[in-house]
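1. Would you be able to build a 3D model of this:
(chains A and B)
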There are 2 protein chains.
Amino acid sequence: MADALKIGVAGLGTVGASLVRILHQRRNELAVSCGRAIEVVAVSARDRTRDRGIDVSSVTWYENPVEMAKSADIDVFVELMGGATGAASDAVEAALSRGLHVVTANKALLARNGVALAALAEEKGVLLNYEAAVAGGIPVIKALRESLTGNTVNRVYGIMNGTCNYILTKMEKEGLSFEACLKEAQRLGYAEADPAFDIEGNDTAHKLSILTTLAFGSQIAADDIYLEGITNISIEDIHAAAELGYRIKLLGVAQRTETGIEQRVHPTMVPQNSVIAQVDGVTNAVAIESDILGELLMVGPGAGGNATASAVLGDIADIAKSRPGQQMVPVLGRPAKALETYRRAQIQSHEGGYFIRLTVEDRTGVFASIATRMAENRISLESIMQHSKQLEPGKPQTIILVTHATREDSVRRAIDAIKSEGYLRGEPQVIRIERPKDA
Amino acid sequence: MADALKIGVAGLGTVGASLVRILHQRRNELAVSCGRAIEVVAVSARDRTRDRGIDVSSVTWYENPVEMAKSADIDVFVELMGGATGAASDAVEAALSRGLHVVTANKALLARNGVALAALAEEKGVLLNYEAAVAGGIPVIKALRESLTGNTVNRVYGIMNGTCNYILTKMEKEGLSFEACLKEAQRLGYAEADPAFDIEGNDTAHKLSILTTLAFGSQIAADDIYLEGITNISIEDIHAAAELGYRIKLLGVAQRTETGIEQRVHPTMVPQNSVIAQVDGVTNAVAIESDILGELLMVGPGAGGNATASAVLGDIADIAKSRPGQQMVPVLGRPAKALETYRRAQIQSHEGGYFIRLTVEDRTGVFASIATRMAENRISLESIMQHSKQLEPGKPQTIILVTHATREDSVRRAIDAIKSEGYLRGEPQVIRIERPKDA
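-> Down below sits the predicted model:
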């Protein structure tokens, strides 16, 4: 049997503690599967006295993760601290520079600096694995980076934030408001005290930017993502969606188009009879559409200490099983130097169906006016309906439109024209429709 | 850049021809992703004159695949001939013996002889990859063999035969008989002229036996699988399932139990609101429940030349990217020598819910008699109902029972007791219920 693989773990939060515990509990099975033992020999975390339910008395303790990366006697540096800059970034760079393999769950770091880190890993001939950074336990990095080699990907999309999916599912199943569901998510620990990063879509955007690079071979462009969160999704939208045969999910979507790559994160209507529409609660799902394989959908736990630790463990096991030499898995699917410049397709040129909910004054001619403004912008309507529950004469009425595939800028122009008519009450609600291949 | 990886392809049917075409068309992208060129330098097929839409004029042609395995100047032997014995088996063995890497899509070969071939590959220090052998393009081998390393799997199950799923879906959606749907499947090329291997469940069983070994670390036991096909599923069963909130799928299920490992292939009722219940047509799906990761479900194309070729291509790319030395990925998840003896749990000890459809004479006391026989065998009923559409006095009536979790032998005893009462008409229909974690 080969020498043990020596691991240093930086960050002993939920994921780090789970990982250390599992590496200890499963050490015999892991040694059999990997052909060598995997040993945690160093850890780094701030508070040495905290009870984490794991025994780290026999390993070398570092206050400073960068110090561990630079000097610990390890083969693999596992970064589970989080944060795009600062200690996590410095430590990963130090570890790679020294020729250590790195495993990280840090999506923010990769979204910000992934290409440079990949280039460094490739220059040093070491592995940089990050399965846990996107959609937790779902092996989507492996699928894109390894299984789909040679495929041309056309679209990748998914539910990648458990907090948002929990809230939207609960709103639908229990008829509760966004605010009530967010509070419940916070109570259950599914949402942070400051939930903005999740519910505004930033977390999904970080993950999407990594998938985009793997899917399309372009440089990471996390700042070039069109972003809309779920905060203004109302129970009325969810009910209307259900009536029309849709469910609302916060999707991250990256798509190859004629003008470049679309990256967008927004509330999305997906047909009720599609598989992804059934993905409820904190569960994540990622779909990949490619030209040779076809559509692949993966559903699983997107967060949680154990699920994330499982992905980290798979990454470590891959290193334990491999004996990297000149050839190796390129970090981002192709060598960092061979990544293409990212060419952004603007959201204005997005084509797809749209759900539009308008609150209007109860006036003769409103229906006709709306239909005319749509027609003037060459928007073909699948349906236009007055919401049945609100037919009280004299009171504001809700009108719901569903369009056939059209361009975003046409929709925006039509809505501006409708706004100028003066019968609108409040802001129109516009939700893009996304059609999986199976629906 | 490293030397080109030289490939020999044995078998130029749909998958083989797709693979050769794709390797040619995508040669530039593949060279970038893999860090080296991948070249087809030898092929083997019987008929040299057939037009396959690919140019193989410049490669060495072998009439005999074993000859190619023994003497061609190649690094990787790709076996796409099929068949558990004969040329495919001889050629794979010859290739491994010579120290060539092997990629195969041959589930029958692995089901019959996988452990010996894995041992040979490991002895020679070469890779034996077979992603395409189970569920076509779905990367389930990679998930089990790599991503889930260190996890204890409790259950793996899936829809692994597109022919059966197509037929069951069509029966449900169009209300047609099994025979009519089978004919349509044959017309569309989804079913063979002799469909027995698919519809009797043998194909699913071969695939399941491979997943079982990867999931539980036990030796392959393809002959120890409880097998029931879909030929006696009637449209009445499908309608009754729908009324009760279920759909019928042919599942392969492997499960860890107290008495050993259950491997079974049979028509199964799955709750309508589960994700796997939405998997329609020829699409496949595999679910893996493990203790650290949780539940992972993968959905995708299970067959077809391109989807299968994509999986083969991923296997080849893994070889191109790796530089195998002493450490490597064990073929069956753990080294062949470390696989445990398979301990079979008998179907009689299976525990789960049951759907039972009985056709009975219209007699007073039948309902009470059935309920009594169930109670005597400690079977707790979730529901018992007379099928509403058949309430014509004097004519045979349909009674449908759904049980709570109970043992298979209890159900069999209860049914034997009911049979002895004399009021049954025809054979009882018994369909096991499987509950995904999400439903």
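2. Only C-alpha atoms from now on, for both contacts and neighbour counts.
-> Will do.
3. so where do the helices sit in the stretch 51-200 of chain A?
-> Ranges of helices within the stretch 51-200 of chain A are A:65-71, A:87-97, A:107-124, A:140-142, A:162-174, A:178-187, A:196-199, based on DSSP state H, counting those that start in this stretch.
4. Would you mind saying which of those lies nearest chain B?
-> With C-alpha to the nearest C-alpha as the measure, helix A:140-142 is the member of these nearest chain B (8.2 Å).
5. I'd like the distance between residue A:211 and chain B.
-> 16 Å (C-alpha to the nearest C-alpha, to the nearest Å).
6. for chain A, what helix or strand is lowest in average pLDDT?
-> Least confident element among the helices and strands of chain A, by mean pLDDT, DSSP states H and E: strand A:381-386 (a mean of 89).
7. Listing partners with orientation, what would you give for that one?
-> strand A:397-403 (antiparallel) (DSSP bridges).
8. What parts of the stretch 301-439 of chain A come near chain B?
-> A:301, A:306-311, A:313-315, A:317-318, A:320-330, A:333-335, A:338 (C-alpha under 8 Å from any C-alpha of the partner chain).
9. which parts of the stretch 151-300 of chain A sit against chain B?
-> A:151, A:273-276, A:278-279, A:292-300.
10. which among the residues of the stretch 301-439 of chain A next to chain B end up buried?
-> Buried members of these, scored by 16 or more other C-alpha atoms under 10 Å in any protein chain shown, are A:301, A:306-311, A:313-315, A:317-318, A:320-324, A:327-330, A:333-335.
11. Counting only helices, which of these make the cut?
-> A:306-311, A:313-315, A:317-318, A:320-321 (DSSP state H).
12. give me the number of residues near the residue of the stretch 101-250 of chain A found nearest chain B?
-> In the stretch 101-250 of chain A, no residue comes nearer to chain B than residue A:147, which is 4.6 Å away by C-alpha to the nearest C-alpha. Residue A:147 sits with 26 neighbouring residues when counted by other C-alpha atoms under 10 Å in any protein chain shown.
13. One more: residue A:53?
-> 10.
14. Can you check what pLDDT the model gives it?
-> Listed pLDDT for residue A:53 reads 89.
15. how far away is it from chain B?
-> 17 Å.
16. Assign a three-state SS to the most far-flung residue of chain A relative to its centre, would you?
-> Most distant residue from the mean C-alpha position of chain A: residue A:364, 45.2 Å away (C-alpha atoms, centre = their mean). When classified by DSSP: H, G, I helix; E, B strand; the rest coil, residue A:364 comes out as coil.
17. Just read off the phi/psi values of it.
-> phi -60, psi 140 (degrees, to the nearest 10).
18. quick one: it from residue A:401, how far?
-> Here residue A:364 is placed at a distance of 18 Å from residue A:401 (C-alpha to C-alpha, to the nearest Å).
19. Equivalent analysis for residue A:318, please.
-> Residue A:318 sits 50 Å away from residue A:401, going by C-alpha to C-alpha.
20. what about the closest residue in space to residue A:237 that isn't next to it in sequence, helix or strand, and which?
-> Nearest residue to residue A:237, sequence neighbours excluded (C-alpha to C-alpha, 6 or more residues apart in numbering or on different chains): residue A:357, at 7.8 Å. Using DSSP states H and E, residue A:357 maps to strand A:351-360.
21. Using JSON lines, lay out the helices of the stretch 51-200 of chain A together with distance to residue B:63 and mean pLDDT.
-> Shown next, in JSON lines, are the helices of the stretch 51-200 of chain A (distance: least, C-alpha to C-alpha, whole Å; pLDDT from 0 to 100):
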{"stretch": "helix A:65-71", "distance to residue B:63": "56", "mean pLDDT": "98"}
{"stretch": "helix A:87-97", "distance to residue B:63": "50", "mean pLDDT": "98"}
{"stretch": "helix A:107-124", "distance to residue B:63": "42", "mean pLDDT": "97"}
{"stretch": "helix A:140-142", "distance to residue B:63": "37", "mean pLDDT": "98"}
{"stretch": "helix A:162-174", "distance to residue B:63": "55", "mean pLDDT": "97"}
{"stretch": "helix A:178-187", "distance to residue B:63": "65", "mean pLDDT": "96"}
{"stretch": "helix A:196-199", "distance to residue B:63": "60", "mean pLDDT": "96"}
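22. Looking at those helices, which is nearest to residue A:268?
-> helix A:162-174 (11.1 Å; C-alpha to C-alpha).
23. Report the buried residues of the closest one.
-> For helix A:162-174, using 16+ other C-alpha under 10 Å, the buried residues are A:162, A:163, A:164, A:165, A:166, A:167, A:168, A:169, A:170, A:171, A:172.
24. Spatially nearest residue to the last one, not counting backbone neighbours?
-> So the one you mean is residue A:172. That would be residue A:238: by C-alpha to C-alpha, 6+ apart, it lies 6.2 Å from residue A:172.
25. ok now do that neighbour, which residues does it touch?
-> Residue A:238 makes contact with A:171, A:172, A:247, A:248 under the criterion C-alpha atoms under 8 Å, 6 or more residues apart in numbering or on different chains.
26. In terms of pLDDT, where does the closest residue to the last one other than its chain neighbours sit?
-> Right, the one you point to is residue A:248. In space, and not counting its chain neighbours, residue A:248 is closest to residue A:269: 4.6 Å by C-alpha to C-alpha, 6+ apart. Note on residue A:269: pLDDT of 98.
27. ok now do the nearest residue to residue A:282 once chain neighbours are set aside, which residues does it touch?
-> Of all residues not flanking residue A:282 in the chain, residue A:162 sits nearest, at 3.8 Å (C-alpha to C-alpha, 6+ apart). Contacts for residue A:162 (C-alpha under 8 Å, 6+ apart) come out as A:190, A:281, A:282, A:283, A:284, A:302, A:303.
28. just residue A:433 next, same as before
-> Contacts of residue A:433 (C-alpha under 8 Å, 6+ apart): A:268, A:269, A:270, A:352, A:353, A:354, A:355.
29. one more time with 10 Å
-> A:246-248, A:267-271, A:351-355, A:402-405 (C-alpha atoms under 10 Å, 6 or more residues apart in numbering or on different chains).
30. which intervals of the stretch 251-400 of chain A have sub-threshold pLDDT?
-> By pLDDT under 70, the low-scoring segments of the stretch 251-400 of chain A are A:323-327, A:387-391.
31. what residues are up against residue A:68?
-> With C-alpha under 10 Å, 6+ apart, residue A:68 has these contacts: A:8-10, A:42-44, A:60-62, A:74, A:77, A:91, A:94-95.
32. would you turn those into TSV with distance to chain B and neighbour count?
-> Below are the contacts of residue A:68 laid out as TSV (distance: C-alpha to the nearest C-alpha, whole Å; neighbours: other C-alpha atoms under 10 Å in any protein chain shown):
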residue	distance to chain B	neighbour count
A:8	18	28
A:9	17	29
A:10	20	31
A:42	20	23
A:43	20	25
A:44	23	26
A:60	24	15
A:61	25	21
A:62	27	20
A:74	18	21
A:77	19	30
A:91	25	24
A:94	25	20
A:95	22	28
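33. Please parse chain A into its domains.
-> Following automatic domain parsing, one gets these domains for chain A: A:5-137+A:305-338, A:141-301, A:349-433.
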